[in-house]
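Colleague: Dropping the sequence and predicted coords here.
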Amino acid sequence: MPFVKRAADGQIEAIFSDPAPGAEEELHADDPDIVGFLSGGDRAKWVQSDLALARVLEDLIDVLLTRHVIAFSDLPPAAQEKLIARRGLRKELDYVSSLFLSGDDDYGTSY
């Protein structure tokens, strides 16, 4: 569950995955305050940008590992854990996608 930092007016101003100074309040990810914060105009653009950049960094790390520029063990343990978790999630997503998007079904064919 995420941790939030609130402004003086009580509105969320930042969300963290772990407790941080000023962000000790833990909320469910589907809490209306969090949903509102993430869906608000410019913040939504920032969130999308951050997600896209995270994917770029993940791909960059994979390239560096593949070309033996760095070794996986060179990364801090926390980074190793996060990358392993993301690879697991990506494999699950790819598997589920392959079940529904196989391309060799005839659903669009008229008889």
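Modeller: Sure thing, it's come through.
Colleague: Please count neighbours and contacts with C-alpha atoms only from this point.
Modeller: OK.
Colleague: which phi and psi does E25 have?
Modeller: E25 has phi and psi values of phi -80, psi 120 when expressed as degrees, to the nearest 10.
Colleague: helices and strands around the helix or strand where L60 lies, which ones?
Modeller: Assessed by DSSP states H and E, L60 sits inside helix 41-66. Counting contacts by 3 or more C-alpha pairs under 8 Å, 6 or more residues apart in numbering; DSSP states H and E, helix 41-66 packs against helix 32-39.
Colleague: residues making contact with the helix it packs on?
Modeller: Outside helix 32-39, the residues that touch it by C-alpha atoms under 8 Å, 6 or more residues apart in numbering are 11-13, 27, 29, 43-44, 47.
Colleague: ok, back up a step: okay, buried residues for the helix holding L60 please.
Modeller: Neighbour counts over helix 41-66 (16 or more other C-alpha atoms under 10 Å) mark I61 as buried.
Colleague: avg pLDDT for that helix?
Modeller: Summarised as a single mean, pLDDT over helix 41-66 is 87.
Colleague: could you point out which element follows that helix?
Modeller: Under the assignment DSSP H and E, the closest C-terminal helix or strand after helix 41-66 is helix 77-100.
Colleague: which of the residues in that next one are buried?
Modeller: Result for helix 77-100 [16+ other C-alpha under 10 Å]: buried residues L83.
Colleague: if we look at that helix, which residues are touching it?
Modeller: Residues from elsewhere that reach helix 77-100 (C-alpha under 8 Å, 6+ apart): 58, 72-73.
Colleague: tell me the mean pLDDT for stretch 86-101?
Modeller: The pLDDT scores in stretch 86-101 average 82.
Colleague: How far off centre is the helix holding L60?
Modeller: 9 Å (C-alpha atoms, centre = their mean, to the nearest Å).
Colleague: So the residue positioned nearest the centre of the chain versus L27, what's the distance?
Modeller: For the chain, the residue nearest the mean C-alpha position is L51 (5.9 Å; C-alpha atoms, centre = their mean). The gap separating L51 from L27 is 21 Å, by C-alpha to C-alpha, to the nearest Å.
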